[in-house]
Each structure stands twice: as structure tokens, then as C-alpha cells.
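*Asks:* here is a sequence together with a model predicted from it:
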Amino acid sequence: MKVMFYAPHSAIWVFAFPEALVAEALMQEGNEIVYIGCRRQFRSYCVAMSAYGLKFDSPEASKEKVCQICERNKALLRKGFGLKGSDVADELTADDDRQIENILQNASPENYLDLDVSGIKVGRLALYEFLLNHKKNDLTIGEHEWKEFRGALKNSIASALASLKIIEREKPDRLITYNSFYAVNHVACKAAEKYSVPHYLLHAGATMANRMETLSLTKGYSYNYITRSSLWQLYRNFPCTKSQLSKVTDHILTLFKARSVFVYSRPASGEHADLRARFGISATQKVLVATMSSHDERFASVTIGTMPDDPGVVFPTQVDWIKALVAYVTIRPELFLIIRVHPREFPNKRESVVSAYAAQLQSQLTNLPANVRVNWPSDNISLYDLASIVDVFLNSRSTTGLEMAWLGLPVVVYSPDQLYSYPPDLSYTANSQDEYFQKIEKALGNGWDIEFSRMAYRWGVFQFCHDTVNISESYTSREERASGILAIVFDKMRRKLAPEHLKRQDIRRRTPELKSKSLLNHFLETGKNTLVEAIDVDDVEKSSLAEETEALRCELGRIYSALYQTERNPLPSSLQQHILNFINSKGADK
């Protein structure tokens, strides 16, 4: 096979180095690799500049520094891995430059969605990072925003013209790019589609414990797991080993620490005894928590066509859902509803922008009944502390539903399964409003159940162990921020004084061959949709139900120690009491 890597963001080493490892592994399996860089073509503003904390209006000198890093990294990778290929800038002629300028001159906030290059909707695809950076929930581009979007549009047009030329000339059998949602990468994928070339999305793994040491590779844009549903129905019946379950717990404990920029909750503090008093919840009331999802992320993905819209959802919008829940508990004084607004809607450790959706929520979530409270991000309450006082979680579309299922808590959802990144059978799922409230009643009646935790753990194993490749033998990067003053200072000095040394060290220290190179090659050769499909199910390590249950006790024991370091007197029917009972229930299994 000839495999083309579209890799214009070499400045982001945690993208570029793992990507090069995959390219080398495929080369060692006898494939020809075409490695495409940028060479300053996207110098007005790009994903790499955003990763370095720059804005569109940052000084040109600051942008140039990122371009220099990008060029140096690309040179290191090409030399260190023997990667050959051209750059986007090399492909564009004076005629192409004139075509780009002509399209831009005729572009406007009124017609940009209709702009295309050879059938590639460059105007629409250029929106992705722009929508996320501004946390927009509509497609109106204001006068003050047009210059920035025009820069993104220019990049998309250039990417389209260059990609079409490269693919026509090189005739690759496969195209791989790191995160196909990024505008210029997405355009390259659309160019591949025009020549019937399958394209693949490469990304860091889903486990936060060692995210950069694992890789996900999927055909097309698949971030959801609907294409794996039949395999999940098989794997969900396989009891897991202790080592497998331990990887899921490692992920959960990393979430509790909340050091990564990709974890929006506050860290678990272990201080949950006073939360009921803080919200004004009586001792007899049962607690529902409705966890909202980040609106702009889904809006951006739907806009560029990488996620489906909301066909057949029970509630057309999250606001409709919240209104229905408020009406439901208004006449149920024995219940208390906490509405948890997603932290991404407001400034956080990853973004400094308030979303357009946040203003809508602030106007809607007013004049609430006495048994309804809003948990705003400014309250600084950890989701994982909140879990200790909750009876049932009501999830919109966030991964919170999976996180609560890991703890054994009942979760009720209302959307079709394709809107989630985990299977619907981990939750109570409804297909109508009447059924939705019936499922809430059922969840309240049934309460905590270790089987929720068991199935959620099995899904975690399916995702973290069977549907990723481990590259830790060649890369041991950690995303968690250093903690402690000395560690932070040392980390900053090391990165500032010896950035090239560390990168050369990564290249020099890598193993001669990735253990997963044959799997990667087989996956691409066979045209499977996901990595797990390329694995022989008979080779998967399995356990017995009794062994899995005992291992679950150990893993929930680790969770218990993290959540309840100081509290030794759990309240009756609390999460703490349920987990403690299970840990101590050896010999009383079903």
C-alpha cells in the first residue's frame, strides 16, 4: 500500500511524534509512505498556534516562532524516521494563489457556506476551529469576526488545492491525518474521497491516565461507537481480568485529580458531607442531578458533517429537557433536582471565552422552584464530590453518564444511542417523554447496582485495551500538569532551555519496532472501521465472573480510598455506603 500522512501541524510534538511512529511502523511492514507538511502555508493562523496559546490577532513575530518550531520538528521527524514527501506550500503555484485571492475577494458573511473548490465545501469546513474558539451556537459571522474567519477560509482553500494535486499525483491507497475534524485536515480527507481513497482519523487514546501513550485509529470520522455495536454485544459478555480493569481505574483516578486541560470538573476534594446543606436538600429528599453537555462542541461537529444532527430525540434541545425536568420535580417535593451546567460554557483552564449558549442558560434558569438548584461552574463543586449525594444522574450527551456508571450509579438518558460515545445499554434509555419519566422512577426505585459498574468497566476495557494501540514502548509523554512549585519550575526550564534535546531524545530512544505494527498494517489492509475489528476475538484475554468480581472489589477499593480519604462514617444509602458494602461483601456474590 501507499499511505499518505497529511501532517501540517508538526509544531505539536504530542501529535507529530506518535504520528511518525505509526508511519514508521507501516513503512516497516512494506508500505510506501508519503509525508506531507506545511512549510508556513498556514502562517496567518493555525491549530498549532492555538495549541501554543496564540490568538488570531497575536503578533506576527509570535506566530513566526511557532512556524519555526513546526519547520524544525518536521525536519527532525523526516530525518529521524526517513519520511519523504512534499509540503503544502510547494504544491501551490502563482495561478493557485490568484485563484485563492479571487475566491476570497468574492467571499462574504452571506455566501461563505456555499463556497467550494472542486466540490469540497471549503467554506463550511473552515468553520470548525472558528466555532470552537468563539463557542458559537449559530453560523452568523459578525463584521469584527470576518477577518479571522477569512484567514481560516484561505487555509481551507489552499489545503484543498494542494491535497487534490498531491492525491492525483501520488495515488495513495490510504490517507491518515491527526484529527480529521481540523479544517485543513478535513479538507484533505474530502479530497481523498473524490479519488475514492479511504481516510483515517488518528488520535490520542481515550484513557486520561496515559492518553498520549495510546493511539486510536478509525476509518472516516467515527468518534462514536455505533459501528462497533455488534462487537460490543459480544465483548460485553466477557469477564475482564484485574490488569484490564486496573487500566479503567487508572483513568477514573486521573479524572478525580482533574489536572488535564481536557478534564473540566474540579478535582475530587473528598468534602461532600456539607453538600446537601449547601444546596438546601432535606434528609428525606432523593437527589437527581441533570448534567448538561457542551453545546458548541456538538454544534461545530454537526455543522461540518462529522456528527449526525438530533434525529428523533425525546427533547429537541437541552433547554426543553431542563424545562420538562423542572416541571416534573415541581409537583414532587420528595425529590430535589440539581442542574449542572457544563464548565466549558464559561472560562476554564482550557478556554477563556464565555459561550453564546451560556447567556441563554442564564436567562432560562431563573425563578426556579424551591427543590431545584443550578450548579454553576463558579460554585467550584467537583462532579465527583457531587456523585456522593446523588441518587440518579440524568445525562444529556456528555461522558458524565459513563463516569457515573463506573461508580455504580443509575443514569437515565433521552437521546438516540448515536449521540453518545458509549453504549446505551449502560444507562436507562427512553424513546419518548412518558417513557423517560418512567425510567427515572425505575432508576430511583432500583438505586445503586454493582452491575452498572461491571458493564461500564467492561466498556472501558473494550475501549482502552482492545480498541487502541499502545505505543508506550516508544513514547511515555504525560499530559498532566506538574504539581508543586519545584516541579513546575523545573518542567518550564527544561522545556525552555532544551526543547530540541528532548525531541531528539524521543527519536533516539524509540524502540526499533512497535509491537502493534502488524495490527496497524492488517487494520489498514483489510479496510476495517475500527481497530477492535482487526483483532481475533479468540486471542483476547478473558477471566471468570468470580475472578472479575474479586478484581472489581479491589478497583472500587482504590476509588473508595480516593473519594473518602477522611470520612469513615458513611450516610445510609449513600454512594460511600454502597461501595463499602460491596468491598466488604466477599462470599455474598450473586
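*Replies:* Yes, it's here.
*Asks:* what are the phi and psi values at the residue nearest to residue 464 when sequence neighbours are not counted?
*Replies:* Of all residues not flanking residue 464 in the chain, residue 207 sits nearest, at 4.6 Å (Cβ to Cβ, 6 or more residues apart in numbering). All C-beta spots, glycine's among them, are computed from the backbone N, C-alpha and C. When read as degrees, to the nearest 10, the backbone of residue 207 gives phi -80, psi 130.
*Asks:* ok, residue 286 next?
*Replies:* The phi/psi pair for residue 286 (degrees, to the nearest 10) is phi -90, psi 140.
*Asks:* now do the same contact list for it.
*Replies:* 334, 335, 336, 391, 392, 444 (Cβ atoms under 8 Å, 6 or more residues apart in numbering).
*Asks:* burial of the residue nearest to residue 464, as a residue count?
*Replies:* Residue 207: 20 surrounding residues under other Cβ atoms under 10 Å.
*Asks:* how near is it to residue 467?
*Replies:* 11 Å (Cβ to Cβ, to the nearest Å).
*Asks:* can you check residue 293 too?
*Replies:* 23 Å.
*Asks:* those two: who's more crowded?
*Replies:* A count of neighbours by other Cβ under 10 Å puts residue 467 above the other of residue 293 and residue 467, at 25 against 20.
*Asks:* excluding chain neighbours, what is closest to that one?
*Replies:* residue 532 (4.2 Å).
*Asks:* make sure that neighbour is indeed in a strand.
*Replies:* No - counting by DSSP: H, G, I helix; E, B strand; the rest coil, one finds residue 532 to be helix, located in no strand.
*Asks:* next, count neighbours for it.
*Replies:* 21.
*Asks:* which parts of the chain belong to which domain?
*Replies:* 2-204, 246-464, 481-509, 544-583 (automatic domain parsing).
*Asks:* just put those in a markdown table and tack on mean pLDDT and distance to residue 234.
*Replies:* Below are these laid out as a markdown table (pLDDT from 0 to 100; distance: least, Cβ to Cβ, whole Å):
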| stretch | mean pLDDT | distance to residue 234 |
| --- | --- | --- |
| domain 2-204 | 96 | 24 |
| domain 246-464 | 85 | 10 |
| domain 481-509 | 68 | 37 |
| domain 544-583 | 91 | 16 |
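*Asks:* got those domains as TSV, with distance to residue 233 columns?
*Replies:* Shown next, in TSV, are those (distance: least, Cβ to Cβ, whole Å):
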stretch	distance to residue 233
domain 2-204	24
domain 246-464	9
domain 481-509	39
domain 544-583	18
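*Asks:* go through those and name the closest to residue 521.
*Replies:* When these are compared by Cβ to Cβ, domain 2-204 sits nearest residue 521, at 3.9 Å.
*Asks:* now do residue 50 against residue 253, distance only.
*Replies:* Residue 50 is 29 Å from residue 253, by Cβ to Cβ.
*Asks:* if we can go back for a sec, closest one to residue 471 among the domains of the chain?
*Replies:* Using Cβ to Cβ, the domains of the chain put domain 2-204 closest to residue 471, at 5.6 Å.
*Asks:* how far out from the middle of the chain is that closest one?
*Replies:* Offset of domain 2-204 from its chain centre (Cα atoms, centre = their mean, to the nearest Å): 20 Å.
*Asks:* what distance separates the start and the end of that domain?
*Replies:* Start-to-end span of domain 2-204 (Cα to Cα, to the nearest Å) is 23 Å.
*Asks:* does residue 245 belong to a helix, a strand or coil?
*Replies:* Residue 245 is classified as helix under three-state DSSP.
*Asks:* so what's the residue count around it?
*Replies:* 24.
*Asks:* repeat for residue 117
*Replies:* So residue 117, with other Cβ under 10 Å, has 22 neighbours.
*Asks:* just residue 101 next, same as before
*Replies:* 12.
*Asks:* host element of it?
*Replies:* Element membership of residue 101, judged by DSSP states H and E, is helix 94-106.
*Asks:* return that helix as CSV; C-alpha atoms alone will do.
*Replies:* The C-alpha coordinates for helix 94-106 follow below in CSV (Å, rounded to 0.1, in the frame of the first residue of the first chain):
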residue,chain,number,x,y,z
ALA,A,94,1.1,31.6,-8.8
ASP,A,95,-2.1,30.6,-10.6
ASP,A,96,-3.3,28.8,-7.4
ASP,A,97,-2.5,32.0,-5.4
ARG,A,98,-4.6,34.0,-7.8
GLN,A,99,-7.4,31.5,-7.5
ILE,A,100,-7.3,31.7,-3.7
GLU,A,101,-7.4,35.5,-3.8
ASN,A,102,-10.2,35.5,-6.3
ILE,A,103,-12.4,33.3,-4.1
LEU,A,104,-11.6,35.4,-1.0
GLN,A,105,-12.5,38.6,-2.8
ASN,A,106,-15.9,37.2,-3.7
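*Asks:* show residues contacting that helix.
*Replies:* Identification of contacts with helix 94-106 by Cβ under 8 Å, 6+ apart yields 92, 115, 117, 150, 153, 154, 157, 158, 161, 162.
*Asks:* buried residues in stretch 142-162?
*Replies:* 148-162 (16 or more other Cβ atoms under 10 Å).
*Asks:* filter those residues down to the ones in helices?
*Replies:* 148-162 (DSSP state H).
*Asks:* residue 18 in helix, strand or coil?
*Replies:* helix.
*Asks:* contacting residues around it?
*Replies:* Contacts of residue 18 by Cβ under 8 Å, 6+ apart are 202, 204, 212, 215, 471, 475.
*Asks:* so which residues make contact with the helix or strand where residue 546 lies?
*Replies:* Following DSSP H and E, the helix or strand that holds residue 546 is helix 545-563. With Cβ under 8 Å, 6+ apart as the contact definition, helix 545-563 has outside contacts at 239-242, 245-246, 248-249, 252-253, 256, 268, 270, 384, 388, 407-408, 450, 453-454, 457, 543, 576, 579-580, 582-583, 585-586, 589.
*Asks:* kindly report the same for stretch 575-590.
*Replies:* Contacts of stretch 575-590 (Cβ under 8 Å, 6+ apart): 387-390, 407-409, 447-448, 450, 546, 549-550, 552-553, 556-557, 559-560, 563-564, 567, 570-571.
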